[in-house]
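S.K.: My questions concern the predicted model and sequence given below.
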There are 2 protein chains.
Amino acid sequence: MPEHPLTTAVVESWSGAADPRLRDLMAALTRHLHAFVEEVALTPQEWEQGIGFLTATGQMCDDVRQEFILLSDTMGVSMLVDAINNRKGQGGTESTVLGPFYAAGSPELPLGANIAREPGGRPCFLSGHVLAPDGSPIEGARLDVWHSNSEGFYNVQQLDTQPAGNLRGVFHTDAQGRWWFQSIMPSSYPVPEDGTVGNLLRAMGRHAWRPAHVHFIISAPGFQTLTTHLFVNGDQYLDSDAVFGVKDSLIVDFVRHDEPGEIAERGLSEPFFTAEYEFVLERASVAAEREAVAV
Amino acid sequence: MPEHPLTTAVVESWSGAADPRLRDLMAALTRHLHAFVEEVALTPQEWEQGIGFLTATGQMCDDVRQEFILLSDTMGVSMLVDAINNRKGQGGTESTVLGPFYAAGSPELPLGANIAREPGGRPCFLSGHVLAPDGSPIEGARLDVWHSNSEGFYNVQQLDTQPAGNLRGVFHTDAQGRWWFQSIMPSSYPVPEDGTVGNLLRAMGRHAWRPAHVHFIISAPGFQTLTTHLFVNGDQYLDSDAVFGVKDSLIVDFVRHDEPGEIAERGLSEPFFTAEYEFVLERASVAAEREAVAV
């Protein structure tokens, strides 16, 4: 289908932008948006519904709720931006979405500390290494970790009822690149369903659930910062994550231990889980080179 | 470029929608939105700016301000929807955008009445016919008209300072299909520039002005309702309407009359303008047939 004359006129209207990148972005956005409208022959009623949806989505947003990010997540746009900007050439650990529940300022804790500060949940021990691409350990790598409680809520969602700093912490690897800490098993949970995105998911026959996972942001001088999750193998939502965040390489066996001797050895009175993962950070220079090539 | 696997996954996620039209709309929207992100290799910073822009745009909206419609207008989407849904096959008058300043409930007035209810502005007499496609007159056709005052503001924008019903009126054609009324010359004016769309237009080096025009909604039993403008020939913004609403067939000569005899004849003491236009309404059955074909 040849470009509509109106599309050409709008694209030309952006040509005076001072910033050439902004000009190109708006030209491409215009072409794709117009192509969508033409392809589906959007009716005035549908246009009006779209305007109403976007308006209500903006009006849902406040300091603790970002409905447009949720829309981007559930339409796979956030993961696509992640995929485009984190193409791996070096065998580094894969990235995934940051998610809306990250908060800076988690407590700095010694290796081995327990980040679960309220009763409930099944004990879980996480450990592994942070490595360079050649397999050498990275000492002093910083791991910022956070995850949901046994009811599927993050600390920042329940500041009134969860203890301060619950299920959040910052750790640094030892001289051998090792990291380890104690927590509870994360839970699967639905993304917020009481807004416009919830309405959309219901209309589309989609559920709102994310498979259980633990968030990590891992950084070290000379290496590219990695934002990722570890997903619990066996979770029923691994194949239908509401935000399309799952990558096979990030699915980890959380091994159940119910042998009385093992339980006693950990100082526990109930079965527990363990999970291990070797994170590999790309060298910063590779990221910089890729940036240069992309330009 | 082959479709990204993530795009395929998101499109498949919509497949359970109860409404097949909604399923197709979301599938097409996903494909175009993802193609845009891939084509421009959208960076996380740009994604974040986009989220912020959409959020602020929603938050600008209230009962009397619709910033998303303004965004749609200035990106040419509103006119594209109009173009797609009002393809003419029969020689009917071309349509254009409704605009944000329409309000139902304008005063019903006798033919010839003056809709200008405040001092100021240059007198103007508008007249013409409403015709069927075969040229026969339509008696009793309803014309809902509205336009800006000499400072570029609509009645609904200045309810506190303009008289009630100023520059708004509803007329009905006579037995010969004729319509006529008195007013003042409309003015060019900028669309609201104090919001996110204003920021966008400035960043893109675009002005916010619309050429002077008079709005009409014309309806008659058995005919398709027509929403359009008449534009003032010679206006400096005809080639760069901020909302892409101008069509050549809607540009009309507003003829200046400064001969003392003519002025006296109209009971005036200053030069005046006249403009004439023959509106042609499509028969409703044609519209209905086109709908049927489109389905």
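M.R.: Structure's in. What do you need? Computed from a prediction, not measured in an experiment: that's the story for all the values here.

S.K.: Quick check: A:Cys135 vs A:Val252, distance?
M.R.: Small correction: residue A:135 is Gly, not Cys. Distance, A:Gly135 to A:Val252, using C-beta to C-beta, to the nearest Å: 19 Å. To be clear about C-beta, it is placed using only N, CA and C from the backbone, and glycine gets the same treatment.

S.K.: what about the two, which has more around it?
M.R.: Taking other C-beta atoms under 10 Å in any protein chain shown, A:Gly135 and A:Val252 do not tie; A:Val252 has more neighbours (18 against 11).

S.K.: Pretty sure the more buried one sits against A:Val232.
M.R.: Yes. Counting by C-beta atoms under 8 Å, A:Val252 does reach A:Val232; the two are 7.1 Å apart.

S.K.: Quick one: residues contacting the residue in the stretch 101-250 of chain A that chain B sits nearest to.
M.R.: Evaluated by C-beta to the nearest C-beta, the stretch 101-250 of chain A has A:Gly205 as its residue closest to chain B, separated by 3.1 Å. Going by C-beta atoms under 8 Å, 6 or more residues apart in numbering or on different chains, A:Gly205 touches B:16-18.

S.K.: and if we set it to 6 Å?
M.R.: By C-beta atoms under 6 Å, 6 or more residues apart in numbering or on different chains, A:Gly205 lies in contact with B:16-17.

S.K.: so what pLDDT did it get?
M.R.: Looking at A:Gly205, its pLDDT is 97.

S.K.: What of A:Arg290?
M.R.: On pLDDT, A:Arg290 comes in at 56.

S.K.: Need the residue closest to the centroid of chain A.
M.R.: A:Val97 (2.4 Å; C-alpha atoms, centre = their mean).

S.K.: what does the model give it for pLDDT?
M.R.: 90.

S.K.: and if you look at A:Val293?
M.R.: Looking at A:Val293, the pLDDT reads 50.

S.K.: go on, A:Lys88?
M.R.: At A:Lys88, the model reports a pLDDT of 62.

S.K.: Can you get me a residue count around the residue nearest to A:Ser219 when sequence neighbours are not counted?
M.R.: Distance criterion C-beta to C-beta, 6 or more residues apart in numbering or on different chains; nearest residue to A:Ser219, sequence neighbours excluded, is A:Thr225 at 4.3 Å. Neighbour count of A:Thr225, defined by other C-beta under 10 Å: 15.

S.K.: how far away is the residue of the stretch 101-250 of chain A closest to chain B from B:Ala17?
M.R.: Relative to B:Ala17, A:Gly205 is positioned 5 Å away (C-beta to C-beta).

S.K.: Please apply the same query to A:Met75.
M.R.: 14 Å.

S.K.: do the same with A:Glu108
M.R.: A:Glu108 sits 47 Å away from B:Ala17, going by C-beta to C-beta.

S.K.: Same drill for these two, tell me which one is more crowded.
M.R.: Using other C-beta under 10 Å, the more surrounded residue of A:Glu108 and B:Ala17 is B:Ala17, with 20 against 12.

S.K.: surely that one meets A:Met204?
M.R.: Yes. Contact criterion C-beta atoms under 6 Å: B:Ala17 and A:Met204 qualify, at 4.5 Å.

S.K.: Would you tell me which residues of the stretch 151-295 of chain A are close to chain B?
M.R.: Within the stretch 151-295 of chain A, the positions adjacent to chain B are A:204-206 by C-beta under 6 Å from any C-beta of the partner chain.

S.K.: Sort out for me which of these are in helices.
M.R.: Members of those lying in helices (criterion: DSSP state H): none.

S.K.: Number of residues surrounding the nearest residue to A:Arg142 once chain neighbours are set aside?
M.R.: Spatial nearest neighbour of A:Arg142, excluding adjacent residues (C-beta to C-beta, 6+ apart): A:Ser219 at 5.0 Å. By other C-beta under 10 Å, the residues close to A:Ser219 number 16.

S.K.: go on, A:Gly16?
M.R.: 11.

S.K.: Next one: the nearest residue to it once chain neighbours are set aside from A:Ala18, what distance?
M.R.: The shortest distance from A:Gly16 to any non-neighbouring residue, by C-beta to C-beta, 6+ apart, is to B:Gly205 (3.1 Å). Applying C-beta to C-beta, the value for B:Gly205 to A:Ala18 is 6 Å.

S.K.: A:Gly99 too?
M.R.: 35 Å.

S.K.: Same check on A:Ser249?
M.R.: 42 Å.

S.K.: Just checking stretch A:37-51 against chain B, any contact.
M.R.: Yes. Using C-beta under 6 Å from any C-beta, stretch A:37-51 reaches chain B at A:37, A:39-42, A:44, A:47, A:51.

S.K.: who wins for neighbours among the residues you listed?
M.R.: Busiest of those [other C-beta under 10 Å] is A:Val37, holding 27 neighbours.

S.K.: In contact with that one, which residues are there?
M.R.: B:Leu80.

S.K.: Sticking with it, tell me its helix or strand.
M.R.: Assigned by DSSP states H and E, A:Val37 falls within helix A:20-40.

S.K.: What residues sit buried inside that helix?
M.R.: Using 16 or more other C-beta atoms under 10 Å in any protein chain shown as the test for burial, helix A:20-40 gives A:22-23, A:25-38, A:40.

S.K.: pull the CA atoms of it into PDB?
M.R.: This file holds the C-alpha atoms of helix A:20-40, laid out as PDB (Å, rounded to 0.1, in the frame of the first residue of the first chain):
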ATOM      1  CA  PRO A  20      17.800  14.900  14.200                       C
ATOM      2  CA  ARG A  21      17.200  11.800  16.400                       C
ATOM      3  CA  LEU A  22      13.900  13.200  17.600                       C
ATOM      4  CA  ARG A  23      13.000  14.000  14.000                       C
ATOM      5  CA  ASP A  24      13.700  10.400  13.000                       C
ATOM      6  CA  LEU A  25      11.800   9.000  16.000                       C
ATOM      7  CA  MET A  26       8.700  11.000  15.200                       C
ATOM      8  CA  ALA A  27       8.900  10.200  11.500                       C
ATOM      9  CA  ALA A  28       9.000   6.500  12.200                       C
ATOM     10  CA  LEU A  29       6.300   6.700  14.800                       C
ATOM     11  CA  THR A  30       4.000   8.600  12.500                       C
ATOM     12  CA  ARG A  31       4.600   6.100   9.700                       C
ATOM     13  CA  HIS A  32       3.900   3.100  11.900                       C
ATOM     14  CA  LEU A  33       0.900   4.700  13.700                       C
ATOM     15  CA  HIS A  34      -0.700   5.700  10.400                       C
ATOM     16  CA  ALA A  35       0.000   2.300   8.800                       C
ATOM     17  CA  PHE A  36      -1.800   0.700  11.800                       C
ATOM     18  CA  VAL A  37      -4.800   3.000  11.400                       C
ATOM     19  CA  GLU A  38      -5.000   2.300   7.600                       C
ATOM     20  CA  GLU A  39      -4.400  -1.400   7.900                       C
ATOM     21  CA  VAL A  40      -7.300  -1.900  10.400                       C
END
